[in-house]
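A.B. asks: Next input, structure requested:
(one chain, ligands or ions: 1)
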Amino acid sequence: MASPSQQRALHTVQRVQGSSFDIALIQLGDIGTDKAKNIDNARRKMDEAMQVKQPPHLLVLPECFNSPYGVDFFPEYAETIPFRPGQTQPTLHEKAVSAGSPSVDMLSRTARDHKIWLIGGSIPERDASTGKLYNTATVYNTAGDLIAVHRKLHLFDIDIPGGITFKESQTLTGGDRVTLVDTDMGRLGLGICYDLRFPEMAMIAARKGAMAMIYPGAFNTTTGPPYWEILQRARAVDNQIFVAACSPARPESGYPAYGFSMVTDPTGKVIAGAKEAPETVYACIDVETINKTRQGVPITAQRRFDAYPDVASGTSS
Ligand SMILES: NC(=O)CC(=O)C(=O)O
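C.D. replies: Got it, this is the predicted structure:
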């Protein structure tokens with residue numbers, strides 16, 4: 001067993017490899033029961049988000065962008081995604097249509113048409129072989145290829161008397177893995193909404209070199225005010241990475257999505273954000289801010305894995 005000083009010497013300040021890039025979070029309004037309309041609306045808003053002087057490199061949509069957010073809706077709105085985690089693909093958007101996934105088709109075309117990276121929020125997914133349902137995020141490269149899939153790992157099962165009761169597990173199954181996405185800009189970690197509450201995911205992603213955690217999410221008017229921002233700032237500060245979370249806008253009826261999509265830097269500062277209304281939030285994910293933060297407060301070199309080897313297991317870089 002290495003001594004504490006030997007252990008520390010093993011862990012030098014971790015510099016993140018990658019290049020700075022611009023991100024846009026599309027806080028969609030009007031997500032209703034008409035699925036085709038939801039898909040068209042998302043496409044239109046993404047097109048609009050690209051109409052700026054300096055178009056972003058990465059677009060992000062909110063959780064459940066093609067369906068109302070509710071356990072009874074998931075079976076009806078679920079699509080089969082023509083991709084299995086672990087498969088070497090890419091799967092082209094034309095195949096997505098024949099496999100019955102109009103959302104994947106639209107997302108793939110959008111990424112390809114604008115030559116952008118795209119994290120397509122999440123959609124209810126039906127696994128073709130098991131029939132099980134998942135809350136699933138899909139990721140596309142600039143050619144429109146589907147390059148990653150994240151199935152929400154932690155299901156939103158809560159009961160706050162006088163607040164909100166929600167049980168995703170009534171119709172959904174949780175995923176089984178942490179998802180890292182390698183892009184031209186660098187490595188990103190991906191989670192969905194309730195995943196934000198579990199620090200292990202962000203910790204593992206950061207120690208494996210992720211520059212940012214991206215969370216399509218849909219907190220609500222009960223849990224949003226006390227938790228939404230502080231959780232993101234905690235994930236950012238603990239890991240000295242950027243955190244970006246994209247919510248639907250606050251609706252007039254139905255599930256009361258919180259809104260307040262935001263981007264937080266590695267010091268815990270919120271650098272861009274929306275309020276309740278539909279809006280696109282733009283920010284720069286600046287690699288040098290990560291490296292400077294780590295240089296100044298070198299917690300990445302000061303961890304005492306000798307004192308907590310169970311936490312070190314499988315997560316050190
Ligand atoms: N909707 C979620 O998955 C999570 C949420 O609203 C919360 O954690 O609060």
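A.B. asks: can you count the residues close to the closest residue to the ligand within the stretch 201-317 of the chain?
C.D. replies: The nearest approach of the stretch 201-317 of the chain to the ligand comes at residue 223, 3.0 Å away (CB to the nearest ligand atom). C-beta coordinates here come from the backbone N, C-alpha and C atoms, glycine included. The number of residues packed near residue 223 is 19, by other CB atoms under 10 Å.
A.B. asks: Can you tell me, leaving aside adjacent residues, what's nearest to it?
C.D. replies: For residue 223, ignoring the flanking residues on the chain, the nearest one in space by CB to CB, 6 or more residues apart in numbering is residue 164 at 6.8 Å.
A.B. asks: does that neighbour really touch residue 222, like I thought?
C.D. replies: Yes: at 4.4 Å, residue 164 counts as touching residue 222 under the criterion of CB atoms under 8 Å.
A.B. asks: Does the spatially most central residue of the chain lie in a helix or a strand, and which?
C.D. replies: By CA atoms, centre = their mean, the chain has its centre lying nearest to residue 215, at 2.7 Å. Using DSSP states H and E, residue 215 sits within strand 212-216.
A.B. asks: downstream neighbour of that strand in the secondary structure list?
C.D. replies: helix 229-239.
A.B. asks: hmm, that following helix in reach of the ligand?
C.D. replies: No: judged by CB under 6 Å from any ligand atom, helix 229-239 and the ligand are separated, with a smallest distance of 8.0 Å.
A.B. asks: any idea of the angle the helix or strand following that helix forms with strand 212-216?
C.D. replies: Downstream of helix 229-239, the first helix or strand assigned by DSSP H and E is strand 242-246. Here strand 242-246 points in a direction 10 degrees away from that of strand 212-216 (axes from the mean of the first three to the mean of the last three CA atoms, to 10 degrees).
A.B. asks: Return the list of strands paired to strand 242-246, each annotated with direction.
C.D. replies: Paired strands of strand 242-246, with direction, are strand 212-216 (parallel), strand 262-264 (antiparallel) (DSSP bridges).
A.B. asks: Tell me the gap between the helix ranked longest in the chain and the middle of its chain.
C.D. replies: The longest helix of the chain (DSSP state H) is helix 35-49. Remark: helix 35-49 is offset 19 Å from the chain centroid, using CA atoms, centre = their mean, to the nearest Å.
A.B. asks: Name the next helix or strand downstream of that helix, please.
C.D. replies: With DSSP H and E, the next secondary element past helix 35-49 is strand 58-60.
A.B. asks: So in that sheet, which strands flank that next one, and in what orientation?
C.D. replies: Strand 58-60 has these strand partners (DSSP bridges): strand 21-27 (parallel), strand 117-119 (parallel).
A.B. asks: I figured residue 39 hits residue 104, correct?
C.D. replies: No: in this structure residue 39 lies outside contact range of residue 104 using CB under 8 Å: 10.2 Å.
A.B. asks: how close does residue 12 get to the ligand?
C.D. replies: Separation of residue 12 from the ligand (CB to the nearest ligand atom, to the nearest Å) stands at 35 Å.
A.B. asks: For stretch 140-159, output the C-alpha coordinates as PDB.
C.D. replies: C-alpha atoms of stretch 140-159 as PDB (Å, rounded to 0.1, in the frame of the first residue of the first chain):
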ATOM      1  CA  TYR A 140     -25.500  13.300 -32.600                       C
ATOM      2  CA  ASN A 141     -22.400  14.400 -34.300                       C
ATOM      3  CA  THR A 142     -22.100  17.100 -37.000                       C
ATOM      4  CA  ALA A 143     -22.800  14.500 -39.700                       C
ATOM      5  CA  GLY A 144     -26.100  13.600 -38.000                       C
ATOM      6  CA  ASP A 145     -24.900  10.200 -36.800                       C
ATOM      7  CA  LEU A 146     -26.300   9.000 -33.500                       C
ATOM      8  CA  ILE A 147     -23.200   8.600 -31.400                       C
ATOM      9  CA  ALA A 148     -24.500   8.000 -27.900                       C
ATOM     10  CA  VAL A 149     -27.500   7.100 -25.900                       C
ATOM     11  CA  HIS A 150     -28.100   7.700 -22.200                       C
ATOM     12  CA  ARG A 151     -30.900   6.100 -20.400                       C
ATOM     13  CA  LYS A 152     -31.900   8.000 -17.200                       C
ATOM     14  CA  LEU A 153     -30.100   6.100 -14.500                       C
ATOM     15  CA  HIS A 154     -32.000   7.200 -11.400                       C
ATOM     16  CA  LEU A 155     -35.700   7.200 -11.800                       C
ATOM     17  CA  PHE A 156     -37.700  10.200 -10.300                       C
ATOM     18  CA  ASP A 157     -39.700   8.500  -7.600                       C
ATOM     19  CA  ILE A 158     -40.500  11.000  -4.900                       C
ATOM     20  CA  ASP A 159     -43.400  11.800  -2.600                       C
END
